[in-house]
Structures are given as C-alpha cells and as structure tokens.
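Engineer: Sequence first, predicted coordinates after that:
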Amino acid sequence: MTENGNFKRRVRARAAKTGESYTTALMQMRRAFTKDEGPEIKRLRLAVAQTRCYDDPRDIAGLRESGREMRGLMRQAREAGARLLHFPEGATCAPNKRIMSAIGPGEIGPSDWRRFEWAVLREELDQTRSLARELGLWVVFGSVHRLTEPHRPHNSLYVVSDRGALVTRYDERLLSNTKISFMYTPGSIPVTFEIDGIRFGCSLGMECHYPEIFSEYERLDVHCVLFSTTGGSPPNEPSFGAEAQGHAATNSYWVSFSMLTYPGLEGQPASSGIVAPGGRWMAQCPADGVPAISLADIDDNPDDLSRPWRRKARSGLYDPHRVEGDPRSDGRDMF
C-alpha cells in the first residue's frame, strides 16, 4: 500500500511539474516502468538568490557590503544542500547610468569607467571564489567585466566552479538603448556549462524580452536557463517574471529567475524564483525585498515528450498535409 501511495504521489508531482493531466502522467510513468531499463534521472539542488541593489561603483563600503551579502547567502545555500547558487545581474555592483555619466547626473551620456573602484571589486571577487572552493559550491553571479581601454566593459555573468575556478563567462548580447549607447560592449555568443549531467544556459539583463535567446538554448539541449536581471524599468518589472514562466513552458526546460531587490520600494510585484518546465513556479523568494534564497530540486526531465514533438513539428512534419493555394478562395462556404 505504501509503495502504491508513493507511486501516486510521483504521478501527481509529474503532472504538477509538466502541466499534464493525471491520466497522461500516469500513462507516461507506466510506460517508463515497462522498459527493462529506463533513463537515469539526473538531479541537482538549485538555489536562486535575490540581493540588494548597490549601484555606486565609487562607494567602497557598498562594494564590500555587496560581497559580504553574497557570501552570506552562499553559506545559507550550502547548508541547505544546494549544488549551485544563482545570483542576479549586477550582484557585485549594478552601476547607475547617471552616476557613471561623464556629463551627468542631470544628463545621461557616455560612462566614465575610471569612476569604478576596480581594485576593490577584484578583491571581493577573489574572496567569493575562495569561499566557493571552501564550500564546494558552484556560483553564478552578475558583474561588470573590464576590458582594455578604450573598449567599454561587458555586462557579464561569471560561472565559478566548486573548486573556485572561473569556468566561463556570459556577456549580455541584446542590450537596452542606454547600455549599448553609453555603457557596455555587447557579447556575441550563447554560453552553456554542465554540472552533474545537468546542462545550463545563461541569459542576462533585458534578454527575457527576446524569445530567440531562449529558443536557441532549447536547440543547445539545456535543461535549465539561468536568467539574471536588475529587475527591469521600472524596478521589479512584473512582465519579466511572466516571460520567464512562458519561456519555461514553451521550451520545456527549467528557468531560474534571479533579480535585484530595492528595499523601501513600494510594491514588489516580482521576486526571484525557479520555474518548472510546465511554466509553474516551483520556488520563490519573499516579495518583501529582503535578500534571500529559494531552492528546488531540478532534473533533466527524461520523460518529457513535448520537446521532441515540437522539434518534429518544426521539421516539416505538416508540409505533406497542407492544401495548395488558399482554401478560403475555393468557392465553398466558410461554414
């Protein structure tokens, strides 16, 4: 009886995650059990963070505090059994366009990157990497990536392994008007990496508005996209969270949604969280603007049938069944 009850709970959990009916989920799980050897399910505990916005790169105390805040959340995530912790865009510092403007703050112009306390940022990054190694925790976080002058920096996501090594870096590709006009150099390629058989893709900034970014990662066979943002404009733009749910549902993969918070801002309609392949929130941080983490056990979704079907549907499956010409002009009644 206990075994049967456990099986039913697994069926309900699958239905909740994928959006299938209970009957469909039951059929798929029974089909998997009839095979001699089903696919091995790969799992990973993912933590997503929300952190306070520190937007003045001249403020040494602020840079230090953002580093301490990140490392405190890293310890919480490891204590909770997380394998990977995902931070927002600009977790180390999200430079304010007016503070950076060479002709500001009243007017927005080209950013003066000499105002950034780069040495302090480097020290904080080194401490974060060292703690990742100490904890045995993978960490993905947003930071400005300095380039040689006269090139503007990248707006980036750093991927640091559980050994404290910088594994790869994603640079935001589709920038806002202000970012491309006055602040950053755009990136050019998608970035993927793998932990324990789970494949991740990276996205950043306002790229949630561009479905082509997320469909590209579906073609690259990722199981989860890590999307980091400052929260849009105005801060905590609610459409970003809804779009994250849509991308997860249409591409049948997990989406981790990590954003900055703005304590004191009235109405925080969005918060960091993890969306399942069916488009439902599996975990969310508090909507009160307090720095926090939320966790979910994600997997490679081996029983999913929607991704292979959608790929088949896009490959010309329907072409032999189409009627040549416009069927509305064949002289017959429409009803």
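Structural biologist: Yes, it's here. Numbers count the residues shown, from 1 in each chain.

Engineer: dump the residue contacts of the nearest residue to D299 once chain neighbours are set aside.
Structural biologist: Closest residue to D299 in three dimensions, ignoring its sequence neighbours and counting by Cβ to Cβ, 6 or more residues apart in numbering: R43, at 4.7 Å. To be clear about C-beta, it is placed using only N, CA and C from the backbone, and glycine gets the same treatment. Residues counted as contacts of R43 (Cβ atoms under 8 Å, 6 or more residues apart in numbering) are 196, 198, 297-300.

Engineer: Looking at the residues you listed, which one is closest to S306?
Structural biologist: D300 (14.2 Å; Cβ to Cβ).

Engineer: show me what contacts that closest one?
Structural biologist: By Cβ under 8 Å, 6+ apart, the neighbours of D300 are 41-43, 197-199, 223.

Engineer: Of these, which pair is most distant in space?
Structural biologist: Maximum distance among those (Cβ to Cβ): 14.3 Å, for I41 and R199.

Engineer: So the two - more neighbours on which side?
Structural biologist: With neighbours defined as other Cβ atoms under 10 Å, I41 and R199 compare such that R199 has more, 17 against 12.

Engineer: Would you give the sheet partners of the host helix or strand of the more buried one, along with the direction of each?
Structural biologist: According to DSSP states H and E, R199 maps onto strand 198-204. Strand 198-204 sits in its sheet next to strand 192-195 (antiparallel), strand 224-229 (parallel), going by DSSP bridges.

Engineer: Show me how far the last one is from its chain's centre.
Structural biologist: Meaning strand 224-229. 1 Å (Cα atoms, centre = their mean, to the nearest Å).

Engineer: List the contacts of it.
Structural biologist: 46, 86-89, 91, 140-142, 157, 198-208, 214, 217, 240, 244, 247, 251, 253-260, 298.

Engineer: just to revisit the earlier point, lowest-confidence member of the contacts of D300, which is it?
Structural biologist: Scanning the contacts of D300 for pLDDT, the low point is I41. It has 88.

Engineer: Verify the contact between it and I298 for me.
Structural biologist: No: applying Cβ atoms under 8 Å, one finds I41 not in contact with I298, separated by 10.8 Å.

Engineer: In JSON lines: the strands paired with strand 198-204, plus distance to Q76 and mean neighbour count.
Structural biologist: Below are those laid out as JSON lines (distance: least, Cβ to Cβ, whole Å; neighbours: other Cβ atoms under 10 Å):
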{"stretch": "strand 192-195", "distance to Q76": "19", "mean neighbour count": "16"}
{"stretch": "strand 224-229", "distance to Q76": "18", "mean neighbour count": "29"}
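
Engineer: Of all these, which one is nearest P110?
Structural biologist: Of all these, it is strand 224-229 that lies closest to P110, at 23.5 Å by Cβ to Cβ.

Engineer: Could you look up the next helix or strand downstream of the closest one?
Structural biologist: In N-to-C order, the element after strand 224-229 by DSSP H and E is helix 238-251.

Engineer: average model confidence for that following helix?
Structural biologist: 92.

Engineer: burial count for S21?
Structural biologist: 10.

Engineer: That one against A15, yeah?
Structural biologist: Yes: judged on Cβ under 8 Å, S21 makes contact with A15 at a distance of 6.6 Å.

Engineer: re the thing from before, dump the contacts of R43 into a markdown table; add distance to G136 and secondary structure as well.
Structural biologist: What follows is those, written out as a markdown table (distance: Cβ to Cβ, whole Å; DSSP: H, G, I helix; E, B strand; the rest coil):
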| residue | distance to G136 | secondary structure |
| --- | --- | --- |
| D196 | 12 | coil |
| I198 | 16 | strand |
| D297 | 18 | strand |
| I298 | 19 | strand |
| D299 | 21 | strand |
| D300 | 22 | coil |
